Structure formats: C-alpha cells, structure tokens
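1. Sequence first, then the predicted structure:
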4 protein chains.
Amino acid sequence: MPIINVASTLEYSVNTPTIFVFSIVPAETPHQRIVEENLMLSPQLDYEWLQVGEENIRNIRLEVQPGVFRLDYQATVELTPAVDNAPQLDEAIYQSLPAEVLPYLNPSRYCESDRLTLFASKEFGTQPAGHARVEAICDWVNGHIDYISGSTDASSSACDVLVSRAGVCRDFAHVSIALCRALGIPARYISGYAVDLQPPDFHGFFEAFLDGKWYLFDATRMAPVSGFVRIGLGRDAADASFGTIVGSANLQNMQVSALDKTSATGNEQPDEAISTA
Amino acid sequence: MPIINVASTLEYSVNTPTIFVFSIVPAETPHQRIVEENLMLSPQLDYEWLQVGEENIRNIRLEVQPGVFRLDYQATVELTPAVDNAPQLDEAIYQSLPAEVLPYLNPSRYCESDRLTLFASKEFGTQPAGHARVEAICDWVNGHIDYISGSTDASSSACDVLVSRAGVCRDFAHVSIALCRALGIPARYISGYAVDLQPPDFHGFFEAFLDGKWYLFDATRMAPVSGFVRIGLGRDAADASFGTIVGSANLQNMQVSALDKTSATGNEQPDEAISTA
Amino acid sequence: MPIINVASTLEYSVNTPTIFVFSIVPAETPHQRIVEENLMLSPQLDYEWLQVGEENIRNIRLEVQPGVFRLDYQATVELTPAVDNAPQLDEAIYQSLPAEVLPYLNPSRYCESDRLTLFASKEFGTQPAGHARVEAICDWVNGHIDYISGSTDASSSACDVLVSRAGVCRDFAHVSIALCRALGIPARYISGYAVDLQPPDFHGFFEAFLDGKWYLFDATRMAPVSGFVRIGLGRDAADASFGTIVGSANLQNMQVSALDKTSATGNEQPDEAISTA
Amino acid sequence: MPIINVASTLEYSVNTPTIFVFSIVPAETPHQRIVEENLMLSPQLDYEWLQVGEENIRNIRLEVQPGVFRLDYQATVELTPAVDNAPQLDEAIYQSLPAEVLPYLNPSRYCESDRLTLFASKEFGTQPAGHARVEAICDWVNGHIDYISGSTDASSSACDVLVSRAGVCRDFAHVSIALCRALGIPARYISGYAVDLQPPDFHGFFEAFLDGKWYLFDATRMAPVSGFVRIGLGRDAADASFGTIVGSANLQNMQVSALDKTSATGNEQPDEAISTA
C-alpha cells in the first residue's frame, strides 16, 4: 500500500478581481484515501469545494482581489490500487459498455479520434486486443514522439503532434487517447501528481477502459504508474487544467512535489495492470 | 402547450453482426412529456434503453444480424417550456455556475472556443451581455455563414466553418457554441426534431446557460424554437449522433417528421426566451 | 528509346462565357520530343499557347461560349531519358544548388515541409543520403498511406494525409515532396501521362534534385517511371491542374490514355535513376 | 524622387560550419536604383550573389565557420515609382494575364486562397472591382486583425489568422494576398525596408496585379507605401525570409533602419497607386 506525500504551491500576482478554479487536490476514491491534508490560502479567503462528477473530483473555487495570492496544499494519500493480471485483460465489448463510459469513445478537442480510424487500424489493427494493444500504443507513442518542453502550446492536438512528432506529457496522453478511441477503446485524460517525475510538475496521463474497469497508462514512461495520484479527469486536458482563471492574474511561482513514503516499495511489475478508478 | 407529433423511420442494410446505438427518442424532462410513443423494430429484436446523464436522454442499443433492419418510431410530445422575458436575462456569473455546467465552457472537438477568444471579443465584446449577446451571435452566424448542403463533412469544426463560410445546421450550432464559450457563456449542442423544418430531417441547435437556466437558440433560423423537441445533448455533435454503428451497415432509407398538433398555435414572440431544459 | 502515344478527351457543358487553361500537352524538353501531335477543338475556337517557365511547359488558354465544348488531343512522344546509376547519386550540396532550384526547398500549399522537420529526421535521418533516401521515403509513403479514390479533396495537404493515412496519386506525391524538402532535398510536383496506369487518368508524381539533376519518383508504384510523359510541373498540384476554369462549366466526360509503342520494351531496372528534366 | 538610406546589421553566433542565404539587399529595378551600397562581413569571407528571377532579386550565399559572424549592409536607394491614378485602375482580365503572373493566383503555404472563395465573395464580392477592391481588403484586414507581436509563429497561415484575429506584418500580408487570389486578383508577397516603421525592422507587405502592373499595398498601415524599398518577393513569406540558415547559428543582434533623405517629401496622396515593380 503506497503512501504518497503530495504538495503544491501556487503564487499569483492578481491584477483585477479574479475568480480561480483550482484542480490540485487529489480525488477521494475507493482506491485513493486522503490520510490527511492541509490547504492554506494567503490572504485567508473563503472558498468553495466544487464536487465534479461521480469520481469525487474536488476543485476549489474562490474570488481573489488584486494583490499577491498564494495557495499551499499538502496531503498524505494512501493508494490501494486494484492490481490485475495485464495479459488477461481483454477489451470491453461495445454492447456492454456502461452508458457513462460511452462519451469517452467520442472525439474531443485535443483527441480527434474520428480522423485517426485508418491510422490506428493500420498501426495497431493486427495487435492482440486488450491490455497488450494499449501497451503497444504507448510503445509507439513513446518511440515516435520526442518529449520536448515548449514544443507545443495550449492549442496543440493529437493530430498536430502526430505531424510535429514532439510534445509534452499532455500531448503524449492526447495521442494515446485518440488512438485508443479510434480503435473502439474508451480512454480518458487524468491529471495528477507523479512520484519521481523529473522535473517535478503536475503530470498528465490516461486511462483505458478494459474488461469493465479503468486502467492507468502513461506513454511518457517518465514515472512509475504505481506512484500516480489522481486529481482530475476528463475527455482531454481541456477538462483538467490545474488552474482556471477568469479575470487577470499572472503565475509567479509554482512548486509541485510527490514523494513515496512507503517503507518497502513494492515496485510495479511488468505484467501488472494498475487501476485506481 | 404545444403538442408535437414526431416520427422517424430508419432502414439499414446490415452486412455483419452490428451494434447500433440510436439517439432518436425524445428525452423525458419536466418540460417535455411523452404522451404516448411507439417503437417498432423489424425484425423484432431485444433492445436496451441507455439512460444517459441527468437530462434523461434515452438511447436505444441493440445488436442486429446481417440482413435488412428497420426501425419505426413515433411519439406524441407535450411541451411546457418555461417562457421568460428575454431582455431581462443576464449572463450567469462565473462564480455561481453549477459544477455540472462548467464543462460546457471547455473547448470540444467541433467547438474550438480556445482559439476564438479574440475573435469573439472583437465581434461581440461590446454587445450588451445576456440573451441579447447570444442573439447577436446567432445574427452574425446567420449573416456570415451560408447554409449549403454537403459543404461540410464529419470532420468540419467551428474554425473550419468560420473560414469556409458554409455549413449545415450542426455547423451553425458549432460556430455559435464556440463563440459563446469564448465569451464565457456556457453552451451545449442539442439534437432534436423541429416542426416546419424543410427539408424534414433531424435538427441540430444549441442552448446557452443564462441566469441559471438553459435557453434554446438556433442560428439557422430555419424553424421556430418553440417547435423543437429535444432528443440528445452534449458538448457538440460528437455526443449526439442519431445513429452510432459498430460493425457494418448502410443506411438505405430515412424519414423524419415533426408536426404541431396544437389547435391554437401560440407562436413564439420576439422577446420570449424558451427553455425546456 | 520509348515511344509513347498519349491522348486525352475532355468534354464540358459550359454555362457562361468561360476561360479555360488546359495543362494536358506534353512539354518539349531535350529528353522528351513531340514526334507529332494533334489538337481538335469543337467548336473550333482560337486559342493561345501559354509558355510557362524554362521547362517549356505549354498550356492552352481560350474563351468558350455557353454550350458543349470538347477538346481532343493526341501525340506521339519520344523519350530519351538520362539513365544514371542510382546508388551513385548523392544529395546535392546546399551551397551549390542553382538559384532556380532553391524555391523547391520552400514549403508550399500542399507540402508543409516546415512542419515536418522532426518527422522526416526521425524516420529518414539515419538513411544513407542520396537516391537511396528518396527511395526510402517512397517506400515509407507506399507502406503507410492507402490509395483510396475519393478519400481526399482539393484542400487536402501532406499533413492531412499523414494523419488520415489515405489519398490518391497527388497526395502520395505531396507527402513525398514535403518529406524530401524537410530533409533539405529539393522536390517538385510533376503532372503527366503514365503508361499502364489503372484506371487510366492523368497522373501526379514528383522529382527530387540529386547531384545536379532532377530525377523522377513515384510513391504510388502504380506505373513504371520509364513510361511517364511530363505535362506540367510546379511546387505542388496547385501549379499543375489539368484544367483551370474561370467562369462556369461542368466536366461531362474525360478520357485519358498512354500506350507504349516501343517494339522492344527496355524495362526500368532497379538500380537505374531516370531523369527527363 | 525619394532617396532612402537603408541599413541592416546581423550578428550570429555560429555553432557549426553553416551556410547562410541572406535576403537583405534591395533589388535593382527600373524603379529602384542603388546609388551606392556597402557590404561588410566580419570575418571577411567570400560570398556569392544569387540572382533570383527576373525581378533582379539579389541574395547573398556564403559558408561561415564556427565563431561570431557579423554582416553590415547599407545602401542609398533612389525610388522612381510609377504613380498612377488609383480610381482608374481596374482588375486585369484573366484572359490577358501574362503567363508569369498566373502562379500568383495559386494558393501557397501561407495563403490558402482555395479555402477562401466563399469568404472573399461574401465580404468583397459586391465591392467595385480594381484598386478600390484591394483597398477594401486592406481596410477589412486592418479592422479585423490585431497587430500583436508574438501572436503568430512560422507555421501560421492566412486561415489561422482569420480565426485567431491577431498577427504581425507578414500575417497581414498573407491574409490580404489570400483574399485577393480568392477573388481572382494575382497577389504576391514583398519583403523590404520601410521608412518610419516603428519599431524598425524588416517589413512584409504585398503587391496586387491590376491593369497590367504590380501595385504596392500594406494592410498594416504602419508605414507609408511610398517609403518601401523592395528586397525580395515570392508567393508568400516562405520565399522571402531575410536569412536562411543551413547548419547551426543563433541570431544575437539585429538592427534595421530606413531613412528618407529626400529634401522635400512629396507625400503619397490618397488617390495615388504606387508601383515599383
């Protein structure tokens, strides 16, 4: 049972009365328990918890007046992932997909799966179905896309990145998600903390729906999936920005960390499929 | 209280065992009552009702074997829309938007609102906020985009259409939705039946969230908003396709109709804002 | 010395007074001699030869009044290509590229080479330079893009096709050209007749500039390069449309053919590089 | 007769043996005489003049070894533009366009005129043809696009900018050129020096072909057309980059200036059409 300490600090220079929605707090799920947490705002301000969806995503909304605004959050999180045998995980049958999973087959802003039907079929159509096929997608993305900071911007989509062949973690997730959906595999974007991520930052990865459950994947291979702490989720990064700003403010300082405090670290094994959904 | 008779017939030639999800049945909402309905499948097959989301969208999922497959649906629907005074409807305040409305501010596959911030601000930034601003968007879209059948395809997005200046109903909705979101007005795509639509077909229009409620709009101006019967909704047309096909089948015949059976037709007045959400 | 008979018939229904520019007549070059040719217009109309560029491209411009208009062209063409040893052809050195070749390194409407620098470098950067590298590009394009009639339209570019993975001859040429330019190899689009093309049609292929000369390539592999008769050329298909119409006319009938009349057909050998530029 | 002093300084840190092509020297044309000029390279290196096309564009090509490389250029240029009466300039008739002008009707990398046919027709179709219509395009571009430094990058095209509504001088030129071509008016990109440009820099503007001659236009309205000194030209900015680098080098310092040394400045009058082509 991994115990992870996560922390983030965000400091803004606020120019006009501004409303923030922060998505930085780990979700409370059956597999992800918040042992303790602490949120400090400076100045001390009232805030609202926005409970989004059935996944118990917890966002923070507040209004801030001009001046310096700082948020410090830290938590201890206990993960009890379902660890299943990856080779045995088949793809879910379309006819039995739960209604709430179906939207994750649709194309979204950054994952234009509708344009990638033939691409996905040509590259992955003959792969064995199931967990192995999603792994094959991650391998392909990892091998064909270079991780280059600053190579993409907020408007870059999976198709853009398949052409430019460069991106950051959110782009790796977008390409993987788009290819999964193009093959009929529901896939969604996850934002979170990641142990051992270098440089430390919020991370973006994805989940694919296999055999009745959501399983974690990360085509960047920059940090172990077993050390991921979920914050938000959605169809793509458009749904899981760590900070939404309505007004005018500049981010002056940001620090993010995630540390594994487990004494004996039972590392993820090759054939394990991790699910914390 | 408008009483609308809606009907649709879909006939497919099915090539392989195929799963269909049909989104052709009106939703049951506080403002939209199904007086009676009748669904006939030929051959007679078991089907599943897929209840999607809190809006009581009812989709039909079934598996069909090769051969000819035909679906006939007809219903009598009573609409009791909330009719509010349009000029008094202001835009909702971001800080008080319900959590479930927030995703409708995010860009989606066909509504790249993130790319249209300056566009929307330059064209509509000085318009009075509220219902009038959404009407101004509809006016602009109606005046600047030509309705041309076949001018777009399943991959055309709002930005594509702003360049090509031609589209069909779904494109008119996508452009309007994208411009609303770019201005901070939540907006979503609605599929439905529309009285007096020529030629008769399923229709695509949109809703904007104003003053705490969703209001109907249609930039095509091809049919009165008061005669719209809602089927599905979503972020854009990707979420509201009338027929999703997993397998192989060809649509051979499609007929759609919507007739107003109300004796005294109380036509929509210029200053009325219609809400059936 | 291949002797090729080429012919084309174009029939239009002309709605208003319309100006046509036809690019259907083989160019006269040191390696491509017109033995005889015959052009028939019905009705008989005056026309102008448009001599375009140093490559002796010969276009036909004329004005046609409303009614039926028909053009019949046939020619006998003798090809005396320079046949060089492919393995010995290195890439040209940038410093010694003639000024008139430099524009063929620039991105163009359908060949966005500027966006493909990393793509090309990752896929072909370690290939041996020269003729072999262009062949590797053709192999890749042939293996990764499906030839599907109707899969693209007049606005589809190399980047679109790299995503959709489907196209026709002009798309195969555009992708190849874009990848060449991204690697610093000048490349240009050629339109022409092609012996043994099925179904018979005008063909689009490309040339790469190697070791001081332009060499023919065709990633579709649908017809032997040695049976290509050049009509027009340019940066991409935008420069080499077989018919440009200013006015209003509908193409009603089109027939194209190219037959090899050489008695002993000396087929192109694997290691031969063909240049008719 | 305007006398303009132009000067530019470019300083690079060169990392590997690198070939440069500089396009910074004014063209010699019947309307643009180089009174005197001076080019200094440090270190002193051999260079080659690349004469491009019939417009006497003069580029400089040279190879530079690693280290600091500096180029200083200054010239005195006498302009004797043809000044015609703008209201009398009609659009050229397609049937009589010279063959060498025709390519400037084709879409190019940054000017996708093929996608803008309906856009241009809806916005400018009812404008009086000729110089007035090109002015109307410039007015529209100037009014609908914001000049924002850094808002676009090297891959931004006219269609991108019509959506984002922001750009710099090259984008203003690209949008104008694309709209001209979509209306059947040949248009091309010009790079040059511009008197009174703030901040001083190389400038990008365009020419439209009217009544048998090329006329200067600039939708940015940031500097008087009468003070433009032509360097290069092409289908769009892809053909007229001030510096092309094959190798590895970083621009460390760049200074550009253009000063009007004419004693009595005869300012451009509203109804004058300036042609230096």
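-> Now that the structure is in, tell me what you want to look at.

2. dump the residue contacts of A:Tyr193.
-> With contact taken as Cβ atoms under 8 Å, 6 or more residues apart in numbering or on different chains, A:Tyr193 is in contact with A:Ile4, A:Val6, A:Ser8, A:Pro26, A:Phe202, A:His203, A:Phe228, A:Val229, A:Ile231, A:Val256, A:Ser257, A:Ala258. Quick note: C-beta positions are derived from backbone N, CA and C, even for glycine.

3. In contact with the fourth one: list those residues for me.
-> Looking back up the chat, that one is A:Pro26. Counting by Cβ under 8 Å, 6+ apart, A:Pro26 has contacts A:Val6, A:Gln32, A:Ile34, A:Glu37, A:Ala75, A:Val77, A:Gly192, A:Tyr193, A:Val229, A:Arg230, A:Ile231.

4. pretty sure the first one contacts A:Ser257?
-> Which is A:Val6. Yes: between A:Val6 and A:Ser257 there is a contact at 6.9 Å, judged by Cβ atoms under 8 Å.

5. Buried only: go through the contacts of A:Tyr193 for me.
-> Among these, those classed as buried by 16 or more other Cβ atoms under 10 Å in any protein chain shown are A:Ile4, A:Val6, A:Ser8, A:Pro26, A:Phe202, A:His203, A:Phe228, A:Val229, A:Ile231, A:Val256, A:Ala258.

6. Pick out the most distant pair among these.
-> A:Ser8 and A:Phe228 (15.0 Å; Cβ to Cβ).

7. What residues are bridge-paired with the residue nearest the centre of chain A?
-> When Cα atoms, centre = their mean is applied to chain A, the residue found nearest the centroid is A:Ile190 (2.1 Å). In this entry, A:Ile190 is beta-bridged to A:Phe205, A:Leu233, by DSSP bridges.

8. who are the neighbours in contact with it?
-> Here A:Ile190 is in contact with A:Ala173, A:Gly204, A:Phe205, A:Phe206, A:Glu207, A:Leu216, A:Phe228, A:Arg230, A:Ile231, A:Gly232, A:Leu233, A:Ala240 (Cβ under 8 Å, 6+ apart).

9. same question, A:Ile19
-> Counting by Cβ under 8 Å, 6+ apart, A:Ile19 makes contact with A:Arg61, A:Leu62, A:Glu63, A:Val64, A:Ile245, A:Val246, A:Gly247, B:Tyr94, B:Gln95.

10. Assign it to helix, strand or coil.
-> strand (DSSP: H, G, I helix; E, B strand; the rest coil).

11. what about the closest residue to it other than its chain neighbours, how many residues close to it?
-> In this structure, A:Ile19 finds its nearest non-sequential neighbour in A:Val246, 4.5 Å apart by Cβ to Cβ, 6 or more residues apart in numbering or on different chains. Using other Cβ atoms under 10 Å in any protein chain shown, A:Val246 is surrounded by 18 other residues.

12. wait, doesn't A:Val246 sit right on A:Thr16?
-> No: the pair A:Val246 / A:Thr16 is not scored as a contact, 10.2 Å apart, by Cβ under 8 Å.

13. Would you map out the domains in chain A?
-> If you go by automatic domain parsing, the domain ranges for chain A are A:3-80+A:244-260, A:82-239.

14. Next, work out how far apart the residue in the stretch 1-150 of chain A positioned nearest to chain D and A:Ser241 are.
-> For the stretch 1-150 of chain A and chain D, the shortest gap (Cβ to the nearest Cβ) falls at A:Gly150, measuring 11.7 Å. Going from A:Gly150 to A:Ser241 by Cβ to Cβ, to the nearest Å gives 18 Å.

15. okay, those two: which has more neighbours?
-> A:Ser241 (18 against 7).

16. For the nearest residue to A:Gly130 once chain neighbours are set aside, what are phi and psi?
-> With Cβ to Cβ, 6+ apart as the criterion, A:Gly130 has its nearest non-adjacent residue at 4.3 Å, and that residue is A:Asp90. A:Asp90 has phi and psi values of phi -90, psi 170 when expressed as degrees, to the nearest 10.

17. Tell me the first helix or strand C-terminal of the host helix or strand of A:Arg133.
-> Element membership for A:Arg133, per DSSP states H and E: helix A:131-144. Next helix or strand after helix A:131-144 toward the C-terminus (DSSP H and E): strand A:146-147.

18. chain center to that following strand: distance?
-> On the basis of Cα atoms, centre = their mean, to the nearest Å, strand A:146-147 sits 18 Å off its chain's mean C-alpha point.

19. which residues in the stretch 101-250 of chain A form strands?
-> A:146-147, A:166-167, A:187-194, A:203-210, A:213-217, A:228-234, A:243-246, A:249-260 (DSSP state E, counting those that start in this stretch).

20. would you turn the ones you listed into JSON lines with mean pLDDT and distance to C:Asp139?
-> Rendered in JSON lines, the data for those read as follows (pLDDT from 0 to 100; distance: least, Cβ to Cβ, whole Å):
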{"stretch": "strand A:146-147", "mean pLDDT": "98", "distance to C:Asp139": "23"}
{"stretch": "strand A:166-167", "mean pLDDT": "98", "distance to C:Asp139": "24"}
{"stretch": "strand A:187-194", "mean pLDDT": "98", "distance to C:Asp139": "32"}
{"stretch": "strand A:203-210", "mean pLDDT": "98", "distance to C:Asp139": "32"}
{"stretch": "strand A:213-217", "mean pLDDT": "96", "distance to C:Asp139": "31"}
{"stretch": "strand A:228-234", "mean pLDDT": "96", "distance to C:Asp139": "40"}
{"stretch": "strand A:243-246", "mean pLDDT": "95", "distance to C:Asp139": "47"}
{"stretch": "strand A:249-260", "mean pLDDT": "97", "distance to C:Asp139": "45"}
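
21. For A:Leu118, which of these is the nearest?
-> Nearest of the strands of the stretch 101-250 of chain A to A:Leu118, taken as Cβ to Cβ: strand A:187-194 at 18.2 Å.

22. Centre of the chain to that closest one, how far?
-> Put simply, strand A:187-194 sits 1 Å off its chain's centre (Cα atoms, centre = their mean).

23. what's the angle from that strand to strand A:213-217?
-> Relative orientation of strand A:187-194 versus strand A:213-217 (axes from the mean of the first three to the mean of the last three Cα atoms, to 10 degrees): 60 degrees.

24. Strand A:187-194 to strand A:203-210, inter-axis angle?
-> Going by the same axes, to 10 degrees, strand A:187-194 makes 140 degrees with strand A:203-210.

25. Strand A:187-194 to helix A:131-144, inter-axis angle?
-> 70 degrees.
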